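Trainee: Whatever this is, show me its structure:
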Amino acid sequence: RICVITLAEAHPLLQNGKTITSVNYQISANCSRLQNKVSGKSKRGAQFLTELAPLCRISSSDGEEYTIYSCIRGRLIEVNENILNNPAILQEKPSTEGYIAVVLPKFEESKSITQGLLTRKEYEEVLLKRLNSSS
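Mentor: Numbers count the residues shown, from 1 in each chain. Okay, the predicted model is just below:
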């Protein structure tokens with residue numbers, strides 16, 4: 001029931017041959033996702049995230065900056081510090097080593113969250129509609 005947050009295949013950073021120059025987990029002056037210290041079975045100390053909570057900011061070579069949001073309510077279990085030193089793995093291996101964070105939703109909410117997810121086919125249909133409406 002954990003959720004691994006990654007960049008979607010259709011994310012602009014994975015399209016158009018952009019190069020990721022940096023990843024920053026410092027969300028504001030008082031909030032850094034790197035300060036997240038989790039301990040024990042009940043994951044004490046984990047930062048609580050809402051759906052709209054920013055996880056990190058990713059900068060690309062063309063000067064664009066993208067804020068990546070949690071998109072899910074739960075406790076922040078882990079952030080991927082490997083992408084700080086090697087941001088290219090976000091593009092090279094976006095669904096494995098290039099993950100952004102791991103979030104643990106509340107047990108009672110996990111069922112409704114998974115029921116609301118799109119299947120692979122539904123996701124591809126949404127992307128196709130989006131592509132057709134923009135052209």
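
Trainee: ok, the residue nearest to residue 34 when sequence neighbours are not counted - contacts?
Mentor: Distance criterion C-beta to C-beta, 6 or more residues apart in numbering; nearest residue to residue 34, sequence neighbours excluded, is residue 25 at 4.8 Å. Any C-beta I mention is one placed from the backbone N, CA and C, and that applies to glycine too. Residues counted as contacts of residue 25 (C-beta atoms under 8 Å, 6 or more residues apart in numbering) are 32-34, 55-56, 79, 84.

Trainee: Out of the residues you listed, which two sit at the greatest distance?
Mentor: 55 and 84 (13.0 Å; C-beta to C-beta).

Trainee: Just checking the distance from the worst-scoring helix or strand of the chain on mean pLDDT to the centre of its chain.
Mentor: Sorting the helices and strands of the chain by mean pLDDT, DSSP states H and E puts helix 107-115 at the bottom, at a mean of 76. Put simply, helix 107-115 sits 18 Å off its chain's centre (C-alpha atoms, centre = their mean, to the nearest Å).
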